[in-house]
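Peer 1: no FASTA, just this:
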Ligand SMILES: C[S@@+](CC[C@H](N)C(=O)[O-])C[C@H]1O[C@@H](n2cnc3c(N)ncnc32)[C@H](O)[C@@H]1O
């Protein structure tokens with residue numbers, strides 16, 4: 001248990017502030033980053049500033065330390081619920097590969113949670129919009145035959161489509177009227193981000209992963225290119241539909257921090273194992 005020097009809020013006739021500072025201190029005493037996030041996510045900017053001013057130097061340092069050691073996080077859970085515990089405007093870039101709404105089943109029988117309904121679509125993208133910093137980007141993969149549903153949800157959540165990527169496969173993942181040799185993702189903006197000095201090409205190469213860890217496992221290389229283009233080293237990248245954590249691996253490789261959320265316990269365990277081997 002940590003011991004902090006008690007500092008009384010400057011104006012102790014403000015019960016909300018006193019309660020807020022006491023809450024911060026008890027989250028710090030239990031060294032719980034999750035408790036700290038869920039406590040503060042509904043606070044106004046002013047309450048955060050006032051509570052921060054009431055903390056001692058030692059307590060502020062302890063919060064910085066707790067934050068630094070919780071930057072890389074793989075969380076098991078439903079991303080809509082988990083994102084609700086993240087503060088507004090707290091991530092720098094979102095790169096995600098949600099279910100394509102196609103009831104996908106791989107040849108070996110693996111399936112994807114929530115691929116059979118779109119009830120999660122607007123709530124998930126609304127939460128992504130809230131937690132993303134202003135004037136920042138989200139890149140979302142999507143299934144071409146459900147583009148209308150994705151576009152409606154993205155726009156309703158507040159995003160503006162500002163670019164589109166095609167990933168060129170050297171093999172066909174399926175064949176009907178055409179042989180499917182590409183994947184797609186939209187570049188979505190929150191606010192009005194600055195234009196990059198050297199914009200990247202919107203056609204990117206793709207390598208087959210073998211889908212050994214996940215039935216729709218994305219290759220790390222193009223994900224790393226997107227992260228490098230739309231975020232800076234040391235920033236936080238969120239993937240709420242993490243699967244086997246390919247985005248988190250790409251974030252780690254490019255010197256970013258990651259928050260990865262996965263609902264399926266099996267894929268979460270695979271992601272955990274994969275991330276535990278980083279740096280070996
Ligand atoms: C298309 S896959 C992502 C694959 C990932 N890009 C990879 O390379 O492994 C989508 C993932 O989202 C997960 N998922 C579906 N609904 C979810 C939810 N509400 N919260 C968190 N994860 C969810 C599925 O279990 C699945 O693993």
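Peer 2: That came through fine. Note that the coordinates shown come from a computational prediction; the quantities given were computed from them, not determined experimentally. Numbering: from 1, shown residues only.
Peer 1: Checking my notes, residue 255 in a helix, right?
Peer 2: No: counting by DSSP: H, G, I helix; E, B strand; the rest coil, residue 255 is not found in a helix; it is coil.
Peer 1: ok, and for stretch 17-31, which residues are buried?
Peer 2: Counting neighbours by 16 or more other Cβ atoms under 10 Å, one finds that the buried residues in stretch 17-31 are 17-18, 20-21, 23-25, 27-28. Every residue, glycine included, has its C-beta placed from N, CA and C.
Peer 1: tell me the secondary structure for residue 18?
Peer 2: Going by three-state DSSP: residue 18 is helix.
Peer 1: burial measure for the residue of the chain found nearest the ligand, as a count.
Peer 2: Ranked by Cβ to the nearest ligand atom, the top residue of the chain for proximity to the ligand is residue 243, at 2.5 Å. Residue 243 sits with 27 neighbouring residues when counted by other Cβ atoms under 10 Å.
Peer 1: cool, the one 3 residues further on as well?
Peer 2: Other residues within reach of residue 246, judged by other Cβ under 10 Å, total 27.
Peer 1: how about the residue of the chain closest to the ligand, what does it touch?
Peer 2: By Cβ atoms under 8 Å, 6 or more residues apart in numbering, residue 243 lies in contact with 97, 213-214, 216-218, 262, 267, 271.
Peer 1: For this protein, just list every one of the helices.
Peer 2: 15-29, 33-40, 45-54, 57-69, 79-84, 121-131, 147-157, 220-230, 246-253, 265-276 (DSSP state H).
Peer 1: Which residues of the protein lie near the ligand?
Peer 2: 78-80, 97-99, 112-114, 120, 214, 216-218, 240-241, 243-244, 246, 261-264, 267 (Cβ under 6 Å from any ligand atom).
Peer 1: is it true that residue 251 touches residue 237?
Peer 2: Yes: Residue 251 lies in contact with residue 237 (Cβ atoms under 8 Å); the separation is 4.2 Å.
Peer 1: got any residues that touch both of the two?
Peer 2: Joint contacts of residue 251 and residue 237 (Cβ under 8 Å, 6+ apart) are 95, 227, 257-258.
Peer 1: Identify the residue nearest the geometric centre of the chain.
Peer 2: Nearest to the geometric centre of the chain sits residue 238, at 1.8 Å (Cα atoms, centre = their mean).
Peer 1: Need the distance between the two termini of stretch 65-85.
Peer 2: 19 Å (Cα to Cα, to the nearest Å).
Peer 1: for stretch 229-237, same thing?
Peer 2: Taking Cα to Cα as the criterion, the two ends of stretch 229-237 lie 12 Å apart.
Peer 1: do stretch 133-149 as well
Peer 2: For stretch 133-149, the end-to-end distance is 24 Å (Cα to Cα).
Peer 1: For the closest residue to residue 164 other than its chain neighbours, which residues are in contact?
Peer 2: Closest residue to residue 164 apart from its sequence neighbours, by Cβ to Cβ, 6 or more residues apart in numbering: residue 186 at 5.6 Å. Listed by Cβ under 8 Å, 6+ apart, the contact set of residue 186 reads 139-140, 142, 150-151, 154, 161, 163-165.
Peer 1: got it, and residue 95?
Peer 2: Counted by Cβ under 8 Å, 6+ apart, residue 95 has contacts 138-139, 223, 226-227, 230, 237-239, 247, 250-251.
Peer 1: pLDDT value on residue 12, please?
Peer 2: For residue 12, the pLDDT comes out at 56.
Peer 1: do the same with the one 10 residues further on
Peer 2: Taken from the predicted model, the pLDDT recorded for residue 22 is 90.
Peer 1: How about residue 46?
Peer 2: At residue 46, the pLDDT recorded in the model is 84.
Peer 1: picking that back up, of the contacts of residue 186, which qualify as buried by neighbour count?
Peer 2: Applying 16+ other Cβ under 10 Å to the contacts of residue 186 flags 139-140, 142, 150, 154, 165 as buried.
Peer 1: Just put those in a markdown table and tack on pLDDT and distance to residue 72.
Peer 2: Listed next are these as a markdown table, based on pLDDT from 0 to 100; distance: Cβ to Cβ, whole Å:
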| residue | pLDDT | distance to residue 72 |
| --- | --- | --- |
| 139 | 98 | 20 |
| 140 | 98 | 22 |
| 142 | 98 | 27 |
| 150 | 98 | 28 |
| 154 | 98 | 27 |
| 165 | 98 | 25 |
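Peer 1: would you list these in TSV and tack on distance to residue 174?
Peer 2: Converted to TSV, the buried ones among the contacts of residue 186 look like this (distance: Cβ to Cβ, whole Å):
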residue	distance to residue 174
139	23
140	21
142	16
150	19
154	25
165	20
